[in-house]
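*Asks:* structural data only, the sequence is not supplied:
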């Protein structure tokens, strides 16, 4: 089962796949994964937090949303083409202090934000 992720415009960009909690772009590229509430890049970078259906950046602004909490109407979900192989996971870096989470969506592009994990 997959959980779709939408950007601030309601466009389906990525999805979280099943038990391994890997985040894939619609192209099938694995770009990040969840470990508890933390979102990590495969390069070991801490990207942010995923909680209550929102993916927050390190400043506490929501950059991605599940359909249930997206602040605007959603378009079609991201495509789910064949998933590519998983890259090696680098050792996790430090976790920054958890910011207060805001409700104003980040101006960051969700796909670019997730690609920082490659």
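*Replies:* Structure's in. What do you need? Everything numeric here is computed off the predicted structure, so don't read it as measured data.

*Asks:* from here on, just use CA atoms for contacts and neighbour counts.
*Replies:* Noted.

*Asks:* isn't residue 80 up against residue 27?
*Replies:* Yes. Contact criterion C-alpha atoms under 8 Å: residue 80 and residue 27 qualify, at 7.3 Å.

*Asks:* what ranges do the strands span in this structure?
*Replies:* 2-6, 12-17, 22-25, 30-35, 38-41, 46-51, 54-56, 62-65 (DSSP state E).

*Asks:* against which helices or strands is the fifth one packed?
*Replies:* When you say that, I think you mean strand 38-41. Counting contacts by 3 or more C-alpha pairs under 8 Å, 6 or more residues apart in numbering; DSSP states H and E, strand 38-41 is packed against strand 30-35, strand 46-51.

*Asks:* with the third one instead?
*Replies:* Packing partners of strand 22-25 (3+ C-alpha pairs under 8 Å, 6+ apart): strand 12-17, strand 30-35.

*Asks:* take these and lay them out in JSON lines including mean neighbour count, distance to residue 85 and mean pLDDT.
*Replies:* Shown next, in JSON lines, are the helices and strands packed on strand 22-25 (neighbours: other C-alpha atoms under 10 Å; distance: least, C-alpha to C-alpha, whole Å; pLDDT from 0 to 100):
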{"stretch": "strand 12-17", "mean neighbour count": "24", "distance to residue 85": "13", "mean pLDDT": "94"}
{"stretch": "strand 30-35", "mean neighbour count": "22", "distance to residue 85": "7", "mean pLDDT": "95"}
